[in-house]
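Undergrad: Below: sequence and its predicted model.
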Amino acid sequence: MLKAALKTKALAGHVPFRHLPLAYLHSKDKDKFGNPIKGTAKVIVHPDPQRVRTVQREFELRARGYSYDEIRKRNLAEPGLVPDEIRRTYSRHAIEVRLKNPIYWGYFYLKDDPKRYEGKHELIIPAHILKAVEQINNGDFKGRSNIGVGEDIFRGWLTCDDPECGRLITYERKEKTLKSTGAAKVYHLYRCTNSRKVHDKKVYIGEEAIFEQFESVVQRFSITKEFATDITEALAEAMETQRKAIKRQMEGFRVALKELEGKEDIIYEHFVSGVLDKEAYQRQVNKVRAERTDYTHQLEQLTLEINDASNSALAKVFELAVDAELQWNLKNREERAEYLKRVLSNPRLKMRSLRYDLEKPFERLAKMKGTSNWRREVLNLRTEAIEWATA
């Protein structure tokens, strides 16, 4: 017999299982003494970016047609990917179970209950990857492929930096037969479309030269796992101080709201007794109600601030920033392009030189790793991480 409490939680979108799959964990709200509050359990993304990235990599490789054994071997061979605490038990079977676990798709089932329950937890796998893996799980596999891979990996992303031009950078593929070996060598070349006829001639830049210029920016924000842990701990301390200040501010608003209730009663009494005419009464009531609306709105905003959303946002930033140089060296050309699109904005090509802007949280990390006073920046990093993750 299905327990009513489990079904109630499931209907509300909360996964009621004691044990969750890799990259997820249970979190409870805490009271003013730091103790967990009963009945507030929810599923959140694990703050350890290694765990999250391990699962994401499993799905990415499976979507491209790799077997469970191949996924295990590739992931164990990639330095810094699989967390040390699960390397010993990192098995083919565990990978298969994860790749078939509906929680990663955003839903779940209860024992002896065929009903599908939609979860409220955050998804960590892109929709197109989930769809590809689902097709493979259903036996609809058409052979190994590169999901989302194309020859023009910068299509629609790079633009010309000339202010009179600003057109997209186009791609050309050229093959050349090497005289020494007879083998064909492929060259991936890029140039401005020059549709506005601003440039006198076509100026090409090779893909390798583009990646060489981008490599330096990856080095700028690459951090160690230890530094990421230090940032997380410093942010927790700063957030606790901020929460206390917010709670004091919220209490002040609640007191003000209570006073407004009494104030409106007094205005009404004055109206009934004839002290105020109808126009004066309406004017004063409207003023009180406007103040109430303002206080209520500010309380809602403070409630959002106190409900910290930074853990999952920071996890996404750290996923890209921890050992970024190593990640970069292990990626193929398509993976490098997707990586750059997540950490950079406004990329421009000026002849053969690249211009770009680092996304704010990564620019912040680059500054923090170069100073001993980095703790002063953790709250700014938190804000920028949330804005970047939700954009």
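TA: Alright, I've got the coordinates.

Undergrad: And the strands in the chain?
TA: In the chain, strands defined by DSSP state E lie at 24-27, 42-45, 107-110, 113-118, 159-160, 169-177, 184-192, 205-206, 344-350, 353-358, listed in chain order.

Undergrad: Same list (those strands) but as CSV, adding distance to His14.
TA: (Glycine included, C-beta is placed from N, CA and C.) Putting the strands of the chain into CSV (distance: least, CB to CB, whole Å) gives the following:
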stretch, distance to His14
strand 24-27, 10
strand 42-45, 6
strand 107-110, 10
strand 113-118, 9
strand 159-160, 45
strand 169-177, 47
strand 184-192, 48
strand 205-206, 52
strand 344-350, 36
strand 353-358, 37
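
Undergrad: Ok, which of the ones you listed comes nearest Leu76?
TA: strand 24-27 (21.8 Å; CB to CB).

Undergrad: by contact count, what packs against the biggest helix by length in the chain?
TA: Scanning the chain for the longest helix, with DSSP state H as the assignment, gives helix 225-273. With contacts defined as 3 or more CB pairs under 8 Å, 6 or more residues apart in numbering; DSSP states H and E, helix 225-273 has these neighbours: helix 278-306, helix 310-321, helix 378-390.

Undergrad: Identify whichever of these lies nearest to Arg98.
TA: Using CB to CB, the nearest of the helices and strands packed on helix 225-273 to Arg98 is helix 310-321, at 17.1 Å.

Undergrad: quick one on the thing from earlier: need the mean per-residue confidence for the longest helix of the chain.
TA: The average of the pLDDT scores along helix 225-273 is 78.

Undergrad: That helix to helix 378-390, inter-axis angle?
TA: 90 degrees (axes from the mean of the first three to the mean of the last three CA atoms, to 10 degrees).

Undergrad: ok and helix 225-273 relative to helix 310-321, angle-wise?
TA: Orientation of helix 225-273 against helix 310-321 (the same axes, to 10 degrees) gives an angle of 150 degrees.

Undergrad: now helix 225-273, how far from the centre of its chain.
TA: 28 Å (CA atoms, centre = their mean, to the nearest Å).

Undergrad: Quick check: end-to-end length of stretch 119-135?
TA: 21 Å (CA to CA, to the nearest Å).

Undergrad: all numbers from here: first residue = 29
TA: Sure thing, new numbering starts at 29, so read that last one as stretch 147-163.

Undergrad: And the contacts of it?
TA: 40-43, 51-52, 70-73, 80, 83-84, 87-88, 90-92, 127, 131-136, 169, 175-176, 340 (CB atoms under 8 Å, 6 or more residues apart in numbering).

Undergrad: Please work out which of the helices and strands packed on helix 253-301 is packed deepest.
TA: helix 338-349 (a mean of 23; mean count of other CB atoms under 10 Å).

Undergrad: and that one, what does it pack onto?
TA: Going by 3+ CB pairs under 8 Å, 6+ apart, helix 338-349 lies up against strand 70-73, helix 77-91, helix 253-301, helix 361-371, helix 388-396, helix 406-418.

Undergrad: go with 6 Å
TA: Applying 3 or more CB pairs under 6 Å, 6 or more residues apart in numbering; DSSP states H and E, one finds that helix 338-349 contacts helix 77-91, helix 406-418.

Undergrad: Off-centre distance for the last one?
TA: What that stands for is helix 406-418. The answer for helix 406-418 is 10 Å, by CA atoms, centre = their mean.

Undergrad: now swap in stretch 62-79 and tell me
TA: With CA atoms, centre = their mean, you get 17 Å for stretch 62-79.

Undergrad: C-alpha coordinates for that stretch, CSV please?
TA: Taking Å, rounded to 0.1, in the frame of the first residue of the first chain, the C-alpha atoms of stretch 62-79 are listed here in CSV:
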residue,chain,number,x,y,z
GLY,A,62,21.1,26.3,12.0
ASN,A,63,19.0,23.2,12.5
PRO,A,64,17.2,21.6,9.6
ILE,A,65,13.5,22.2,9.6
LYS,A,66,11.3,19.1,9.3
GLY,A,67,9.2,18.9,6.1
THR,A,68,11.3,21.3,4.0
ALA,A,69,13.4,18.7,2.2
LYS,A,70,13.9,19.4,-1.5
VAL,A,71,16.2,18.1,-4.2
ILE,A,72,19.0,20.4,-5.3
VAL,A,73,22.0,20.1,-7.7
HIS,A,74,25.1,18.8,-5.8
PRO,A,75,27.5,21.7,-5.1
ASP,A,76,30.5,19.6,-6.1
PRO,A,77,31.0,20.4,-9.8
GLN,A,78,33.0,17.2,-10.4
ARG,A,79,29.9,15.1,-9.6
